[in-house]
Structure formats: C-alpha cells, structure tokens
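S.K.: when you get a sec, could you give me coordinates for this:
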Amino acid sequence: MDLFKIDPGLAIWTWITFGILFFLLSKFAFPTLLKNLKDREEMIAESVDNASKIETKLAAVEKEQAEIIRRSQEEAKEILRKTREDAQQMRKNLLEEAEKEAREIVEQARLTINEERADAIKSLRAQIAAFTCDTAEQLIGRSFVSADDRKWAEELAKAL
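M.R.: So this is what the prediction gives:
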C-alpha cells in the first residue's frame, strides 16, 4: 500500500506548487476578491443605512399623516358644528320672519275687516236712512228729499 507512504520529492514539489499558486493568487486574485468583498460590504452597509433612513422617514411620514388626519377630523367637526349653528340660526331667523309675516297678514286682515265692516255699516246706515225716509213718506204723505230731512234720517239710523 503505497498510498500512506510519504514521498519527500512529491512533498517538496507539492509545497513549491502551493507556494507559487499562493503567490500568484495573492498577487492577482486576492486583491480583486478583497476589493469586491469590501465593495460589497460597503454596499450592504449603505443599503442598511438607507433602510434606516427610509424607516425614519416612513415613521415621520406616518406621524405627519396621523397628525393631518387628526387635524382634518377636527376641522370636519368644526365645520359640522358651524354648519349646525348656521342652520339653527337660519331656522330661527326664518321662524321669526314667518311669525312677523303672519302678524303682518293678521294685522292687514284686521284692517281690511274693519274697513269692510265700516263700509258695510255706512252702507247699512244709508240704506236704513233711505228706508226710513221712504217709510216716513208713505206714512206721513210728505216727501223727505231735502238735505236736512236726509240728515235727520241718517242721525236716526246712527242712533240705532
């Protein structure tokens, strides 16, 4: 079994090959690999830093968004409160105006009724005076056409 036997010539050539290969790798490959690893490490660190900044900005934006929502809700409540107050004031004004118009209509109706009543009474008195004169003419046989006679008949109708 020659597999486990140490051959000094083979060992020396193995060490020389390993040394030359190590020298070539350290001269050409390792600097590039180390540079790539360092660049990658910097890129990862930069990405982590950017992620932290983004998280910070996101937290600030979420806080600002919450504040904006809170202010918007407060403004909406204030607008709703003002709208309700305005509606109540408008309702009160409309009711006052309607009551005022109703009072004016009632007052105008009273005036109209009083005027019509006065006209009706005046007309009725004139008719009574004419009827009285006609009746007196028929009873007495005398004509009541003079102004004094008519005035007497009107005063008589007023007294009724």
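S.K.: other SSEs contacting the longest helix that the chain contains?
M.R.: Using DSSP state H to define each element, the chain has its longest helix at helix 30-140. When contacts are defined as 3 or more C-beta pairs under 8 Å, 6 or more residues apart in numbering; DSSP states H and E, helix 30-140 sits against helix 147-159. Where you see a C-beta, it was placed from the backbone N, CA and C, and this is true even at glycine.
S.K.: give me the mean pLDDT for the helix it packs on.
M.R.: Helix 147-159 shows a mean pLDDT of 69.
S.K.: same question, stretch 10-30
M.R.: Throughout stretch 10-30, pLDDT has a mean value of 93.
S.K.: extract the residue ranges of this structure that are flagged as low pLDDT.
M.R.: 1-3, 141-146, 149-150, 152-153, 156-160 (pLDDT under 70).
S.K.: what number of residues lie near C133?
M.R.: Number of residues near C133 (other C-beta atoms under 10 Å) recorded here: 19.
S.K.: make that D7, sorry
M.R.: The local packing of D7 (other C-beta under 10 Å) involves 10 other residues.
S.K.: what's the distance between it and I140?
M.R.: To I140, D7 is 183 Å away according to C-beta to C-beta, to the nearest Å.
S.K.: I121 now?
M.R.: 27 Å.
S.K.: neighbour count: the two, which is higher?
M.R.: Between I121 and I140, counted using other C-beta under 10 Å, the more crowded position is I121 (12 against 9).
S.K.: now do the same contact list for L94.
M.R.: By C-beta atoms under 8 Å, 6 or more residues apart in numbering, no residues touch L94.
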